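[1] Requesting a structural model of the entry that follows:
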Amino acid sequence: MSIQEVSAEQLAELLHHYHQAIGPDFSCAGKPNAAAWGQIPQQEKSRLVAATRLALLELAATVTEREDTRRYFAKPGEAEWGC
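    Numbering: from 1, shown residues only. Coordinates of the predicted model:
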């Protein structure tokens, strides 16, 4: 699966879920439980989705940049050596 195939909404929901799930492991047990994804106010959901979308765009740009730097080099076994 590529970064372009990842839905920002689905990833934001997963991150929220995992954030809740690992909270007790990081001494967050004393804090009240956060709301389930369906109970979060729409404005908060929009903020989380926007942050996730920005992260996905940045990751995609990093991957593209890395691919661009490699295009000038031959793949292993394909280099032509000449003097």
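[2] contacts, neighbours, all on C-alpha from now
    Will do.
[3] can you pull out the helices in this protein?
    Remark: helices assigned in the chain by DSSP state H are 8-22, 42-70.
[4] Tell me which of those sits nearest to residue 80.
    Of all the helices of the chain, helix 42-70 sits nearest to residue 80, with 16.4 Å by Cα to Cα.
[5] between that closest one and helix 8-22, how big is the angle?
    Using axes from the mean of the first three to the mean of the last three Cα atoms, to 10 degrees, the direction of helix 42-70 lies 110 degrees away from that of helix 8-22.
[6] chain center to helix 42-70: distance?
    From the chain centre to the centre of helix 42-70 is a distance of 7 Å (Cα atoms, centre = their mean, to the nearest Å).
[7] just checking, what packs against it?
    Where contact means 3 or more Cα pairs under 8 Å, 6 or more residues apart in numbering; DSSP states H and E, helix 42-70 is packed against helix 8-22.
[8] Now do the helix it packs on: which elements does it pack against?
    Going by 3+ Cα pairs under 8 Å, 6+ apart, helix 8-22 lies up against helix 42-70.
[9] How much space separates residue 78 from residue 54?
    With the distance defined as Cα to Cα, to the nearest Å, residue 78 ends up 37 Å from residue 54.
[10] Mind checking which of the two has more residues around it?
    The neighbour count for residue 78 versus residue 54, taken as other Cα atoms under 10 Å, is higher for residue 54 (13 against 8).
[11] list the contacts for the residue nearest the centre of the chain?
    Nearest to the mean C-alpha position of the chain, by Cα atoms, centre = their mean, lies residue 56 at 5.1 Å. By Cα atoms under 8 Å, 6 or more residues apart in numbering, the contact set of residue 56 is 3, 8.
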